[in-house]
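>>> Pasted the sequence and its predicted model underneath.
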Amino acid sequence: MPRLILMRHAKSDRANHRGADRARPLDPRGTRAASAMGRLLTGIGEAPDVVVSSPAVRAESTAELARIAGGWDAPLVLDERLYETGPAGALSAAHAHGARASRLLVVGHEPTWSLLTRHLTGAAVAMRTATVVGIDLPDDWAPEPMPRGSIFYVLQPRLFDGFGS
């Protein structure tokens, strides 16, 4: 059964950034959380086969920091469709890059991740920054019609403060 792993980007530096939304970087807490979640996923045997990210700086940085800290060989793919999209668009992008992956990590934004989790599972999950949700999908999943899945885990970085450091 394939697992779709949704990760919201880590905390960005909104207070000190004056440029475009897409260019907003992570703040120090976000940098630590992204790395910690990468180590955590590896530590629990959930390293992804493929990582797909929104091209927004905060999302790409989250994906790359998690990938490096987790020691993943998984390629990182940026997909424009993950920036300013809804659940259907995000699922379509995920499917395009990882339909055959056992574990596919997709890094993006709110409110899309909460809405997608609800559409796939019926559950309401608080997708705070750097939160990771693992959703089991049917073997033959496709973006249309939207598949039904089940939550395997919800991991929030504040629960694992200092993990792997």
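That came through fine.
>>> Where does pLDDT dip in the chain?
Applying pLDDT under 70 to the chain flags the ranges 161-165.
>>> What lies in contact with the longest helix along it?
Using DSSP state H to define each element, the chain has its longest helix at helix 28-43. With contacts defined as C-beta atoms under 8 Å, 6 or more residues apart in numbering, helix 28-43 is touched by 5, 7, 9-13, 26, 47-48, 58, 61-63, 65-72, 105, 129-130, 132, 155, 157, 160-165. (Each C-beta comes from the backbone N, C-alpha and C, glycine too.)
>>> Residue 133 belongs to a strand?
Yes: applying DSSP: H, G, I helix; E, B strand; the rest coil, one finds residue 133 inside a strand.
>>> Residue 125 versus that one, what's the distance?
Computed as C-beta to C-beta, to the nearest Å, the residue 133 to residue 125 distance reads 6 Å.
>>> Between the two, which contacts overlap?
Joint contacts of residue 133 and residue 125 (C-beta under 8 Å, 6+ apart) are 117, 151, 154.
>>> Return the subset of those lying in strands.
If you go by DSSP state E, the shared contacts of residue 133 and residue 125 have 151, 154 in strands.
>>> moving C-terminal of the longest helix of the chain, what's the next helix or strand?
strand 50-53 (DSSP states H and E).
>>> Check the offset of that next one from the chain's centre.
Remark: strand 50-53 is offset 8 Å from the chain centroid, using C-alpha atoms, centre = their mean, to the nearest Å.
>>> Contacts for that strand next, please.
In contact with strand 50-53 (C-beta under 8 Å, 6+ apart) are residues 59-60, 62-63, 66-67, 72, 74-79, 82, 93-94, 97-98, 101, 104-108.
>>> Next one: residue 67 relative to residue 16, how far apart?
Distance from residue 67 to residue 16, counting by C-beta to C-beta: 25 Å.
>>> Tell me which of the two has more neighbours.
Between residue 67 and residue 16, residue 67 has the larger neighbour count (other C-beta atoms under 10 Å), namely 24 against 9.
>>> What subset of the contacts of strand 50-53 is buried?
59-60, 62-63, 66-67, 72, 74, 76-79, 82, 93-94, 97-98, 101, 104-108 (16 or more other C-beta atoms under 10 Å).
>>> Which residue ranges of the chain form helices?
28-43, 57-70, 87-98, 112-121.
>>> list the contacts for residue 156?
Contacts of residue 156 by C-beta under 8 Å, 6+ apart are 126, 128, 130, 131, 132.
>>> ok, it to residue 80 distance?
In terms of C-beta to C-beta, residue 156 sits 28 Å off from residue 80.
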